[in-house]
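Visitor: next comes the sequence, and after it the predicted model I'd like to discuss.
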Amino acid sequence: MSVDTATVAKIAALARIKVGEAELEAMVPELNGILAWVEQLGEVDVTGVEPMTAVIENHLRLRDDVIDADPLTAGGKRDAVLANAPARQDGFFGVPKVIE
């Protein structure tokens, strides 16, 4: 696939990027180089290679799901939190309807 100035201008318009005429000419070989590199990647034999989600294997550190006994961070303070709410509704913050 080859890119010309008209294609670069169309891409710039779709991306809403203002690009001058001189910049369009400079971007043509750059985009063609990028596309050639992507085509080279398509030629690589990846049979038997497992897909991966990250280069470095990460494992989530799990913690016990327990209620905190510390009174500063523990739950159960709905009434105290809602005391400053300008509007309350069924134990939640009341907000005005935005969508009709």
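Guide: Noted; the coordinates are in hand. Numbers count the residues shown, from 1 in each chain.
Visitor: chain center to the helix ranked longest in the chain: distance?
Guide: Longest helix in the chain by number of residues (criterion: DSSP state H): helix 21-42. Counting by CA atoms, centre = their mean, to the nearest Å, helix 21-42 is centred 25 Å from the centre of its parent chain.
Visitor: list the buried residues in that helix.
Guide: 24, 27, 28, 31 (16 or more other CB atoms under 10 Å). The way it works is simple: take the backbone N, C-alpha and C, and place the C-beta from them, glycine included.
Visitor: check residue 30 and give its pLDDT.
Guide: On pLDDT, residue 30 comes in at 94.
Visitor: need the phi and psi values for residue 89.
Guide: phi -150, psi 110 (degrees, to the nearest 10).
Visitor: how about the helices in the protein?
Guide: Counting by DSSP H, the helices of the chain are 5-14, 21-42, 78-82.
Visitor: any idea which of these gets closest to residue 52?
Guide: helix 21-42 (15.4 Å; CB to CB).
Visitor: distance check, the most centrally placed residue in the chain against residue 61.
Guide: Centroid-nearest residue in the chain, with CA atoms, centre = their mean: residue 53, separated by 15.1 Å. Relative to residue 61, residue 53 is positioned 17 Å away (CB to CB, to the nearest Å).
Visitor: how near is residue 94 to residue 77?
Guide: 18 Å.
Visitor: let me fix that: residue 53
Guide: Relative to residue 77, residue 53 is positioned 38 Å away (CB to CB).
Visitor: and residue 40, by the same measure?
Guide: Residue 40 is 59 Å from residue 77, by CB to CB.
Visitor: do the same with residue 64
Guide: Distance from residue 64 to residue 77, by CB to CB: 22 Å.
Visitor: so for these two, which residue has more residues nearby?
Guide: Between residue 64 and residue 77, counted using other CB atoms under 10 Å, residue 77 has the larger neighbour count: 12 against 4.
Visitor: per-residue pLDDT, residue 20?
Guide: Residue 20 carries a pLDDT score of 91 in this model.
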